[in-house]
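turn this into a model:
(one chain, ligands or ions: 2)
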Amino acid sequence: MAGSTLEIKNLHVEIEGNEILKGVDLTINGGEFHAVMGPNGTGKSTLASAIMGHPSFEITEGSVHLDGQDVLEMEVDERARAGLFLAMQYPSEISGVTTSDFLRSSINARREEGDEISLMKFIKEMDGVLDELEIDKNMAQRYLNEGFSGGEKKRNEILQLMLLKPEIAILDEIDSGLDIDALKVVAKGINKMRDEQFGCLIITHYQRLLNYITPDKVHVMMQGRVVKSGGPELAQRLESEGYDWIKQELGLEDENVEQEV
Ligand SMILES: Nc1ncnc2c1ncn2[C@@H]1O[C@H](COP(=O)(O)OP(=O)(O)OP(=O)(O)O)[C@@H](O)[C@H]1O
Ligand SMILES: [Mg+2]
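Ligands and ions are numbered 1, 2, ... in the order given. Down below sits the predicted model:
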């Protein structure tokens, strides 16, 4: 069976009355890796948060469907249960909940009642992934993200990804703050997920990550929309030339200039 499809159509999102997303269209199928790049403040994280149901973001128009199911009608926990996963740009610290307990209850939340993962099986799986990601086993007993370094938080997000095995994952700047070796370890983990059953949206600023994870498609987000899509060569061009050529090609006004007029 082919994997799930996440279909975002004409998505408009406001925050405190300001329209941040102005009609985003994007479809991710199982088996595909998509990269989203774009200047700071163009709405990449807003897109991720809106899909996952962050309450600060108001959806004023458009739709998000997972295999035809209306995601926007689902409660936040239902979205995770339906197979959506978000690795946040700034992972939250949760005091009082160990990483291990958090992971186990997240896994169980996606399973039927009475079919919870056994403690033995969970520990075995978790230890395997901790090894793969070269994470110290003691870390699993610490409170989730509390006092974790920037890079440790990012590895921890991939630990969650690999254990939860979602249908569709959105990884928001998973490469930020990682040292060179950690970047390779994290990329290896993400690549290991590659499978017909798994689709992934990778938000990144740098080609660097895409040297290790080859995306099937690269999208450029500017001013609240996906303005250009292409293959991996698009990311390479952005790395060497920046974004100005796209603005010129598409005749986009510079937003700062627009505001001054
Ligand atoms: N909670 C909020 N309150 C007010 N404005 C917000 C809030 N969250 C986001 N914004 C604004 O929405 C715009 C888009 O932000 P977003 O975080 O989506 O950008 P981004 O593309 O992820 O940028 P970056 O590359 O820097 O991570 C920005 O102008 C930001 O200031
Ligand atoms: Mg962001």
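
nearest to ligand 2: which residue in the chain?
Ranked by C-beta to the ion, the top residue of the chain for proximity to ligand 2 is residue 45, at 3.1 Å. From N, CA and C alone the C-beta is placed, and that goes for glycine too.

can I get the host helix or strand of that residue in PDB, CA atoms only?
Using DSSP states H and E, the element containing residue 45 is helix 44-52. The C-alpha coordinates for helix 44-52 follow below in PDB (Å, rounded to 0.1, in the frame of the first residue of the first chain):
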ATOM      1  CA  LYS A  44       7.700  28.600   7.000                       C
ATOM      2  CA  SER A  45       7.300  27.900  10.700                       C
ATOM      3  CA  THR A  46       3.800  29.400  10.600                       C
ATOM      4  CA  LEU A  47       2.900  26.800   7.900                       C
ATOM      5  CA  ALA A  48       4.300  24.000  10.100                       C
ATOM      6  CA  SER A  49       2.500  25.300  13.300                       C
ATOM      7  CA  ALA A  50      -0.800  25.900  11.400                       C
ATOM      8  CA  ILE A  51      -0.800  22.300  10.100                       C
ATOM      9  CA  MET A  52      -0.300  20.900  13.600                       C
END
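
so which elements touch it?
Packing partners of helix 44-52 (3 or more C-beta pairs under 8 Å, 6 or more residues apart in numbering; DSSP states H and E): strand 5-15, strand 18-29, strand 58-66, helix 76-81, strand 84-87, strand 168-172, strand 199-203.

a markdown table please, covering these and showing mean pLDDT and distance to ligand 2.
A markdown table is the format used below for the helices and strands packed on helix 44-52 (pLDDT from 0 to 100; distance: least, C-beta to the ion, whole Å):
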| stretch | mean pLDDT | distance to ligand 2 |
| --- | --- | --- |
| strand 5-15 | 98 | 13 |
| strand 18-29 | 98 | 11 |
| strand 58-66 | 97 | 18 |
| helix 76-81 | 93 | 19 |
| strand 84-87 | 96 | 12 |
| strand 168-172 | 97 | 6 |
| strand 199-203 | 98 | 7 |
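
next, format those as TSV and append mean neighbour count.
Below are the helices and strands packed on helix 44-52 laid out as TSV (neighbours: other C-beta atoms under 10 Å):
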stretch	mean neighbour count
strand 5-15	19
strand 18-29	18
strand 58-66	16
helix 76-81	15
strand 84-87	23
strand 168-172	26
strand 199-203	25
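
among these, which is nearest residue 108?
helix 76-81 (10.6 Å; C-beta to C-beta).

what about that closest one, distance to the chain center?
With C-alpha atoms, centre = their mean, to the nearest Å as the basis, helix 76-81 stands 15 Å off its chain's centre.

then that helix to CSV, C-alphas only?
What follows is helix 76-81, C-alpha atoms only, in CSV (Å, rounded to 0.1, in the frame of the first residue of the first chain):
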residue,chain,number,x,y,z
VAL,A,76,-4.3,18.8,18.0
ASP,A,77,-3.8,15.3,19.5
GLU,A,78,-5.9,13.7,16.8
ARG,A,79,-3.5,15.2,14.2
ALA,A,80,-0.6,13.4,15.8
ARG,A,81,-2.7,10.2,16.0
